[in-house]
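[1] Could you work out the structure for the sequence below:
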Amino acid sequence: MVSPQAEPYAVCMNVHAAPAAQNPLKPEEPEQTSAYWSTSISRVTDSKVFIRGYDLEELIGRLPFSAATFLLLRGRIPTPAEAALLDAVLSAVLDYSLQKSGTVAARYVASANPNMAAAMAASVLGVGKNTMDPAETARFCIQAYQRLETEQIPAPQLAAQIVEELRAKKQRIPGLGHPVFRFVDPRARKLREKAVAAGVWGPRAEFFEQIHAAFTRLPGRESIVLNDVGMMGLVLVEMGFSPEETTGLAILSTLPGVIAHVTEELRAGRPIRVVPHGTAEYDQTVRDFETDRKESGWDAE
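    Now for the predicted structure:
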């Protein structure tokens with residue numbers, strides 16, 4: 001017997017239930033034939049957990065974390081070379097010490113609310129357009145190559161044209177530049193070498209490199225590097241990941257560092273960190289509240 005609480009749901013899902021009397025003044029609603037949720041990622045039974053159709057017990061200890069991550073996102077078991085490359089991508093950033101705003105935010109939160117989850121969430125919210133997000137580079141790479149495929153222009157010429165277009169709009173090329181490294185970002189170079197060795201480096205990444213080369217031919221731009229986050233975006237695009245997935249993977253790659261920093265902060269036991277005295281400039285103006293209040297009409301009554 002269907003309980004009174006479950007009855008509306010049973011009718012909605014076309015489960016066997018007594019048909020309701022039709023109201024001739026109410027139009028007939030279309031029959032719902034699909035489930036409210038649908039997923040092919042995982043399934044849980046009374047005794048098993050399945051990941052993309054595979055018994056999780058069989059995966060444990062036989063697929064490294066990077067390979068299992070690939071499986072979850074791409075829906076297939078990667079080759080050893082693909083898993084090794086993704087592992088390299090996830091190890092290319094790890095931590096930026098206190099130079100990463102998200103890490104500093106995590107430590108501030110941990111000092112006020114000594115909770116690992118809350119502090120990690122603060123760090124994740126610090127990832128965006130200006131730091132640690134390869135999605136913009138990934139989208140730019142994909143769109144630029146689409147232009148190369150559709151426009152009958154040689155690659156070097158189109159690369160230079162794209163650079164000039166962005167300069168005219170005063171827009172930056174995502175994935176370029178670093179506050180420390182000049183000419184070469186060693187982490188980006190290492191990732192590129194790994195991608196080439198794995199046979200993943202492809203035409204979209206190569207065309208982005210031509211755009212970078214066109215940009216560095218400009219006066220005063222010779223030392224601007226293709227940075228590690230930009231390279232992460234290129235490699236992940238060539239591996240078949242979407243721009244949105246590159247954001248998630250970049251966040252995943254920094255979480256071990258965040259955990260380490262939050263742990264260090266919790267052990268320090270320093271409550272409620274604030275902006276240190278002498279590191280901020282404050283307006284020293286002292287205003288007359290009573291005078292300004294009267295002039296604003298508060299005593300007009």
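[2] how far is stretch 257-271 from where the chain is centred?
    23 Å (Cα atoms, centre = their mean, to the nearest Å).
[3] Okay, buried residues for that stretch please.
    257-258, 261-262, 265-266 (16 or more other Cβ atoms under 10 Å). For the C-beta atoms, the positions are set from N, CA and C on the backbone; glycine is no exception.
[4] got the residues you listed as a markdown table, with pLDDT, distance to Val163 and secondary structure columns?
    Shown next, in a markdown table, are those (pLDDT from 0 to 100; distance: Cβ to Cβ, whole Å; DSSP: H, G, I helix; E, B strand; the rest coil):
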| residue | pLDDT | distance to Val163 | secondary structure |
| --- | --- | --- | --- |
| Gly257 | 96 | 34 | helix |
| Val258 | 97 | 35 | helix |
| His261 | 97 | 38 | helix |
| Val262 | 98 | 41 | helix |
| Glu265 | 97 | 43 | helix |
| Leu266 | 97 | 47 | helix |
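[5] Can you tell me what sits against the host helix or strand of Glu149?
    Using DSSP states H and E, Glu149 maps to helix 135-150. Contact partners of helix 135-150, identified using Cβ atoms under 8 Å, 6 or more residues apart in numbering, comprise 129, 155, 158, 162, 173-175, 203-205, 207-208, 211, 229-230, 232-234, 236-237, 241-244, 246-247.
[6] List the buried residues of the very next helix or strand once past it.
    The C-terminal neighbour of helix 135-150 among helices and strands, as given by DSSP H and E, is helix 155-169. Of the residues in helix 155-169, 158-160, 162-163 count as buried by neighbour count, 16+ other Cβ under 10 Å.
[7] I'd like those residues laid out as TSV, including distance to Arg182.
    Converted to TSV, those look like this (distance: Cβ to Cβ, whole Å):
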residue	distance to Arg182
Leu158	27
Ala159	21
Ala160	22
Ile162	23
Val163	19
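[8] which residue sits closest to the residue positioned nearest the centre of the chain, ignoring its sequence neighbours?
    The chain has Thr247 as the residue nearest its centroid, 1.8 Å off, counting by Cα atoms, centre = their mean. The shortest distance from Thr247 to any non-neighbouring residue, by Cβ to Cβ, 6 or more residues apart in numbering, is to Ala135 (4.6 Å).
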